[in-house]
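Chemist: pasting the structure only:
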């Protein structure tokens, strides 16, 4: 028995190594056949055997080879589409799933909490020089010391912060949750305890200190309508009072029972929502000014009204329409992943992948050579174009991986391709640029090996490659030809007229009665004027089943017994004991081409495909390896 199993394994291994199908110079493996067979057969409502599928596989590959012979695979549009699909398909293979999942979980956790905080900002230019960076850092360090020594955080923000919130609200930002701030700022806020001040952090805007005042659970989202009497920001008290008088008048009308949506439509100054009864989009924390949001979330029941409330933009009356809690992680997963893709945290999965690739491919950097490269960049005196040209010419090896070298010449080309300016760059910027360069190079190398490393990726790419080619050539050889060839279509119809004959049929209504008594009552009912199938009274309908439409011989034995009787129809089946019919028997009718053109075009396309496949088989003479096919049955 053990020898028998061993023999089967040897035969199957041998079969896998041999070509399953040869078409001209092209060979296809059993592995590819089995992949396509199993995938398509599992999706089919009428599965077929492998032997039956062989012809379909041969036809499929014949079309692909003919498309390549005609150069469809060299068309720029095809290459762009295939490359786009490959890039999309490669993404999961180039991202560390564990790291990505951790980031998704972190984002959801932060979305479930809302942080109230203040901050102090010391701004820096968009491309700061080392001196800009040092000056800003020293300043924020001095402010940190003041706060540590007991100076009120809000006062320091009011006096020194470069953020408008400093002067306006002593640095207070209100409540916010995940994705509301840049990732570095968000992380510092969520990692700082209530009542504490964060360490100094740096974002693209500059240096920050953050003080956390409170953390609460996400309040969910509200759906409200409002009526607004607006005034300009920081309007004089007289104008604000006039708006208050108007909103009070509207509120009194609401208390008498006048409809909210009608008053909103007539009086609200928010013209975007007035015509919709004042209805606003769903909103959560951070989407509305706190003065508005806090009152809205305090409403406890749908249809409940607030008293007039004031915001920096006017006076409002709020009507609660609905409230919903925060969704589950699985319900929000797609949205979170989409938001992560445009956020700094997207680099988490990439960073973990790069770390793995460096280890897998034995990435090694020559620290001495790298220090020499940095020194050359920092001491450059010529213009960048000349400098990069020299860097390419006088190339040195900086690092290596997978037994290949990374040179200063490659780094120079990367800088040119990315349009990176090295003028006034400091070492930190050079380090970041180098790391980005190495990451891109490693990912490109890994992407080039995906077909070799992952059979599923190889099969999917082959499937998409072939599918695109078959679509293009089928459009030319079959679909367009069938639609445009009116002469050929007419000839096809003329030679296949018998396929387009409507057989003898009955058009009308069938009444299936459970008993003879029901049949008798039905005849009596239908004999009255204006009686129809729809007017049958309920007691009578309980014993009758009605069907309307077109019916053919063989569809119902009881109908056959009345319209197409034979000796075998003397016995009415128990399924349809009593049948009454109302309608007309139609003779067989030849259908006109214009009336069924769509159907004829479809049949003509099938005919053209059949002829095309026959010609391709004669042209390429496909060969099946019967030995390999036999092994699939073991």
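Modeler: Thanks, I have the structure now. Please read all numbers here as calculations on a predicted model, not as lab measurements.
Chemist: In a helix, residue 307, correct?
Modeler: No: Residue 307 sits outside any helix when classified using DSSP: H, G, I helix; E, B strand; the rest coil, being coil.
Chemist: now it: how far from residue 278?
Modeler: Look at residue 307 and residue 278: by C-beta to C-beta, to the nearest Å, they are 16 Å apart. The C-beta positions use only the backbone N, C-alpha and C, and glycine is treated the same way.
Chemist: Which one's more surrounded, those two?
Modeler: Shown here are residue 307 and residue 278; by other C-beta atoms under 10 Å, residue 278 has more neighbours (26 against 10).
Chemist: How confident was the prediction at that one?
Modeler: You'll see residue 278 listed with a pLDDT of 96.
Chemist: Quick check: phi and psi on it?
Modeler: Main-chain torsions, residue 278, degrees, to the nearest 10: phi 80, psi 10.
Chemist: Verify the contact between it and residue 319 for me.
Modeler: Yes: the pair residue 278 / residue 319 is scored as a contact, 7.1 Å apart, by C-beta atoms under 8 Å.
Chemist: ok, residues contacting the helix or strand where residue 519 lies?
Modeler: In this structure, residue 519 sits in helix 516-527 according to DSSP states H and E. Residues outside helix 516-527 that contact it (C-beta atoms under 8 Å, 6 or more residues apart in numbering) are 511, 513, 531, 535-537, 540, 543-544, 577-578, 580, 582.
Chemist: the helices in the stretch 201-350 of the chain, which residues?
Modeler: In the stretch 201-350 of the chain, the segments counted as helices under DSSP state H, counting those that start in this stretch are 237-255, 260-267, 271-274, 290-298, 329-341, 346-360.
Chemist: same for the fifth one, what does it pack against?
Modeler: By that I understand helix 329-341. helix 97-111 (3 or more C-beta pairs under 8 Å, 6 or more residues apart in numbering; DSSP states H and E).
Chemist: C-terminal to the helix it packs on, what's the next element?
Modeler: Using DSSP H and E, the helix or strand that follows helix 97-111 towards the C-terminus is strand 113-123.
Chemist: I'd like to know which elements the helix or strand just after that following strand is packed against.
Modeler: On the C-terminal side of strand 113-123, the closest following helix or strand by DSSP H and E is helix 130-148. For helix 130-148, the packing partners by 3+ C-beta pairs under 8 Å, 6+ apart come out as strand 113-123, helix 153-160, strand 206-217.
Chemist: Tell me which residues of helix 130-148 come out buried.
Modeler: 133, 136-137, 139-140, 143-144, 147 (16 or more other C-beta atoms under 10 Å).
Chemist: now the helices and strands packed on helix 130-148 in CSV, with mean pLDDT?
Modeler: Converted to CSV, the helices and strands packed on helix 130-148 look like this (pLDDT from 0 to 100):
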stretch, mean pLDDT
strand 113-123, 96
helix 153-160, 95
strand 206-217, 96
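Chemist: Can you say which of these is packed in most?
Modeler: strand 113-123 (a mean of 22; mean count of other C-beta atoms under 10 Å).
Chemist: what's the angle from it to helix 153-160?
Modeler: Orientation check (axes from the mean of the first three to the mean of the last three C-alpha atoms, to 10 degrees): strand 113-123 against helix 153-160 gives 30 degrees.
Chemist: Okay, now the sheet partners of strand 113-123, with direction.
Modeler: In the sheet, strand 113-123 lines up against strand 172-176 (antiparallel), strand 206-217 (antiparallel) (DSSP bridges).
Chemist: starting at the chain centroid, how far to that strand?
Modeler: How far strand 113-123 lies from its chain's middle: 33 Å, per C-alpha atoms, centre = their mean, to the nearest Å.
Chemist: same check, this time on stretch 375-391
Modeler: Put simply, stretch 375-391 sits 44 Å off its chain's centre (C-alpha atoms, centre = their mean).
Chemist: Compute the first-to-last residue distance for that stretch.
Modeler: Criterion C-alpha to C-alpha, to the nearest Å; first-to-last residue distance in stretch 375-391 is 12 Å.
Chemist: buried set for that stretch?
Modeler: If you call a residue buried by 16+ other C-beta under 10 Å, then stretch 375-391 has these buried ones: 377, 380, 384, 387-388, 391.
Chemist: tell me the mean pLDDT over that stretch?
Modeler: Mean per-residue pLDDT for stretch 375-391: 86.
Chemist: Check stretch 176-188 too.
Modeler: The average pLDDT for stretch 176-188 rounds to 92.
Chemist: Which residues does that stretch contact?
Modeler: The contact list for stretch 176-188 (C-beta under 8 Å, 6+ apart) reads 107-108, 110-115, 117, 119, 189, 198-199, 201-205, 208, 210, 218, 284-286, 339, 343-345.
Chemist: hmm, back to that, of the helices of the stretch 201-350 of the chain, which is nearest residue 436?
Modeler: Nearest to residue 436, of all the helices of the stretch 201-350 of the chain, is helix 346-360, at 10.0 Å by C-beta to C-beta.
Chemist: what's the following helix or strand after that closest one?
Modeler: On the C-terminal side of helix 346-360, the closest following helix or strand by DSSP H and E is strand 364-365.
Chemist: Who are the packing partners of that next one?
Modeler: Packing partners of strand 364-365 (3+ C-beta pairs under 8 Å, 6+ apart): strand 397-401.
Chemist: partner residues bridging residue 311?
Modeler: Beta bridges link residue 311 to residue 314 when assigned by DSSP bridges.
Chemist: neighbours of it, just the number please.
Modeler: Other residues near residue 311 number 16, with proximity taken as other C-beta under 10 Å.
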